[in-house]
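Visitor: Predicted model, plus sequence, below.
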Amino acid sequence: MSNCFDKPALPARQRGEMLVEALVGVLLTGLLGAGMLHVAEQLAGRQADLRAETLAMVEMRRLLRTQAEALCDAPAGHRVAIGGRQVPIRVECGAAPTVGIAAPGAGTLSVSAPREVVLSVAAAELGDAGGPALVVGTRQ
């Protein structure tokens, strides 16, 4: 039985421990998200570099397949469009070697072999300042 002298129950004092724990959890989640965003940005940049390198290699191989030794006759070099910009391709040509074929009883026949053609693009032209140049050639 209650009487008028009973004190009403006071609510327990709130100390805020749960609020601090939730704040720390949100902070850690934010840091994790920022780290993942940084990694994703680096991966996207590297993927763009690889795409430019692949396009350059495809274009250089196409030039070798379609023009081969005729590339040596162009004094100004060549440019290909990669990613909306013109990238210069350096052309190096070797001397045409002469090969002697000896046949018993028929003598020696001299044949001119195809010249070596090497195409290269500087890595800086593709956006990768520290990488090596891309090289495609006909050396066997």
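Guide: Yes, it's here. Numbers count the residues shown, from 1 in each chain.
Visitor: got a list of what residue 64 touches?
Guide: 71, 117, 119, 136, 137, 138 (C-beta atoms under 8 Å, 6 or more residues apart in numbering). No exception for glycine: its C-beta is placed from N, CA and C like everyone else's.
Visitor: Any figure for the gap between the residue nearest in space to the middle of the chain and residue 86?
Guide: Centrality entry for the chain: nearest residue to the mean C-alpha point is residue 50, 2.2 Å, by C-alpha atoms, centre = their mean. Distance, residue 50 to residue 86, using C-beta to C-beta, to the nearest Å: 20 Å.
Visitor: for residue 27, same thing?
Guide: Residue 27 sits 48 Å away from residue 86, going by C-beta to C-beta.
Visitor: before we move on, the earlier item: so can I have a markdown table of the contacts of residue 64 showing neighbour count?
Guide: Formatted as a markdown table, those follow (neighbours: other C-beta atoms under 10 Å):
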| residue | neighbour count |
| --- | --- |
| 71 | 21 |
| 117 | 21 |
| 119 | 24 |
| 136 | 19 |
| 137 | 14 |
| 138 | 15 |
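Visitor: No further queries at this time; thank you.
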